[in-house]
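Colleague: Prediction below, plus the sequence it came from.
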Amino acid sequence: MTSTLTISQLTKRFGEVAALTGVSLSVAPGERVALLGHNGAGKSTMMKIILGLIPATSGQISVCDAAPGSIAARRSVAYLPENVAFHPALTGEEQLRHYLVLRGESPSQAMGLLEKVGLAQAARRRIGTYSKGMRQRVGLAQALIGQPRLLVLDEPTSGLDPVSRREFYALLDDLAKQGASILLSSHALTEVEARTDRIVILSKGRMVAEGSLAELRRRADLPVTLHVTARNGSAPEIARSLPGAILVDGALHLTCTQSEKLAQLGRIAGLGDKVADLDVLPPSLEDLYSHFSRGTVQ
Ligand SMILES: Nc1ncnc2c1ncn2[C@@H]1O[C@H](COP(=O)(O)OP(=O)(O)OP(=O)(O)O)[C@@H](O)[C@H]1O
């Protein structure tokens, strides 16, 4: 499968500051990739280079088989900045018609695009009356002009409430199913965990981890946490059978390595009806993020 985006040994220096060092990455059609990293890790710099807004210091980059910033690349790439601003006096439809004309497209597509992002009902209302979630949808609608093959989204859900976030990701899922590649940056690890195919962790300009959540979990090999709820009065007996378990709010908490997990679960199952409930908690993306960024955060 050909990649929509291919980055090889990308380096960017701002004078003494190494914003990116030797970053390589490829994104396939229909793939949703999350770019994670602490403030100053290099996420925006990478996006600016992909968009052709700033040049790389060294390395190769191909955006939809073209050079970043070239006419061919710009036709295929859409960008949604973190703080998207529109004219408050324009309606959603007027704003979209304006962007369509700027892109050399027919303004008659405006309503179709607004419908796609669930804004048809509000299309004739002034953007000044829109909620933040609705403005973000206008941003996504403008990003969809010309059916881009790659969407670059800088913290697209920051400031959105949980329902708006879920709806926003559902829209991205549909776009990905239609073959668009999505590269988004985020600080909201839990939502990224559920809604992207691959995770890239940048730290101090270097790529410190890359893979699906399952792959990152395997590679990090962090402990699994088990919460065992005892039936009335059985906690002491369970604690004796599970060395290392500690009692927290009526449940016994214990950790084990991935390789010990099945044996430990077998031991718990052997306790029969003394156990009222059991939760197995794999390491979260936050745990993985801390693990891979450890020692590199400024
Ligand atoms: N134009 C510039 N001149 C000098 N240094 C810059 C410039 N742009 C970015 N940097 C530096 O490059 C590094 C990477 O910055 P970048 O904005 O890419 O980080 P980021 O991961 O997007 O951070 P955030 O999550 O805060 O948006 C930082 O040390 C930043 O100060």
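Modeller: Nice, thanks for sending it over. Numbers count the residues shown, from 1 in each chain.

Colleague: Helices of the chain, start to end?
Modeller: 43-51, 71-76, 92-102, 110-116, 132-143, 162-177, 189-195, 213-220, 235-241, 261-269, 285-293 (DSSP state H).

Colleague: how about TSV for those helices, with distance to the ligand and mean neighbour count added?
Modeller: C-beta here means a position set from N, CA and C on the backbone, and glycine is covered the same way. Shown next, in TSV, are the helices of the chain (distance: least, CB to the nearest ligand atom, whole Å; neighbours: other CB atoms under 10 Å):
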stretch	distance to the ligand	mean neighbour count
helix 43-51	3	22
helix 71-76	20	17
helix 92-102	25	19
helix 110-116	28	19
helix 132-143	17	22
helix 162-177	18	16
helix 189-195	13	17
helix 213-220	19	16
helix 235-241	44	15
helix 261-269	35	14
helix 285-293	12	19
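
Colleague: With mean pLDDT as new columns, can those helices be given to me in CSV?
Modeller: CSV is the format used below for the helices of the chain (pLDDT from 0 to 100):
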stretch, mean pLDDT
helix 43-51, 95
helix 71-76, 92
helix 92-102, 95
helix 110-116, 93
helix 132-143, 89
helix 162-177, 88
helix 189-195, 80
helix 213-220, 87
helix 235-241, 87
helix 261-269, 92
helix 285-293, 86
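
Colleague: Run through the bridge partners of the residue lying closest to R198 once chain neighbours are set aside.
Modeller: Counting by CB to CB, 6 or more residues apart in numbering, V33 is the residue found nearest to R198 once chain neighbours are left out, at 4.7 Å. Beta-bridge partners of V33, counted by DSSP bridges, are L183, R198.

Colleague: Surely V33 is in contact with D197?
Modeller: Yes: counting by CB atoms under 8 Å, V33 does reach D197; the two are 6.9 Å apart.

Colleague: These two: which has the busier surroundings?
Modeller: V33 (21 against 15; other CB atoms under 10 Å).

Colleague: how's the protein carved up into domains?
Modeller: With domains defined by automatic domain parsing, the chain comprises 5-218, 223-282.

Colleague: thinking again about what came up before, with the ligand as the reference, measure out to the residue nearest to R198.
Modeller: Distance of V33 to the ligand, computed by CB to the nearest ligand atom, to the nearest Å: 15 Å.

Colleague: Tell me the pLDDT of that residue.
Modeller: V33 carries a pLDDT value of 96.

Colleague: which residues touch it?
Modeller: By CB atoms under 8 Å, 6 or more residues apart in numbering, the contact set of V33 is L25, V27, S181, I182, L183, L184, T196, D197, R198, I199, V200.

Colleague: Please repeat the previous calculation with a cut-off of 7 Å.
Modeller: By CB atoms under 7 Å, 6 or more residues apart in numbering, the contact list for V33 reads V27, I182, L183, T196, D197, R198, V200.

Colleague: In terms of distance to the ligand, which of these ranks first?
Modeller: V200 (11.7 Å; CB to the nearest ligand atom).

Colleague: Now do that closest one: how many residues are near it, please.
Modeller: By the criterion of other CB under 10 Å, V200 has 22 neighbours.

Colleague: looking at it, it is touching L25, isn't it?
Modeller: Yes: if you go by CB atoms under 7 Å, V200 and L25 touch, sitting 6.1 Å apart.

Colleague: Common neighbours of those two, please.
Modeller: With CB under 7 Å, 6+ apart as the test, V200 and L25 both reach M207, E210.

Colleague: okay, M1: pLDDT?
Modeller: Value for M1, per-residue pLDDT: 52.

Colleague: before we move on, back to that, take the helices of the chain and write them to CSV, including distance to R125.
Modeller: CSV is the format used below for those (distance: least, CB to CB, whole Å):
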stretch, distance to R125
helix 43-51, 30
helix 71-76, 30
helix 92-102, 7
helix 110-116, 11
helix 132-143, 9
helix 162-177, 17
helix 189-195, 28
helix 213-220, 39
helix 235-241, 58
helix 261-269, 53
helix 285-293, 37
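
Colleague: Which one, of the ones you listed, ends up nearest to T2?
Modeller: Closest to T2 of the helices of the chain is helix 71-76 (CB to CB; 12.6 Å).

Colleague: Which residues does that closest one contact?
Modeller: Counting by CB under 7 Å, 6+ apart, G52, V63, C64, A66, A67, G146, P148, R149, L150 sit against helix 71-76.

Colleague: next one: stretch 142-149
Modeller: With contact meaning CB under 7 Å, 6+ apart, stretch 142-149 is reached by 4, 64, 75-80, 96, 99-100, 103, 105, 113, 116, 151, 180-181.
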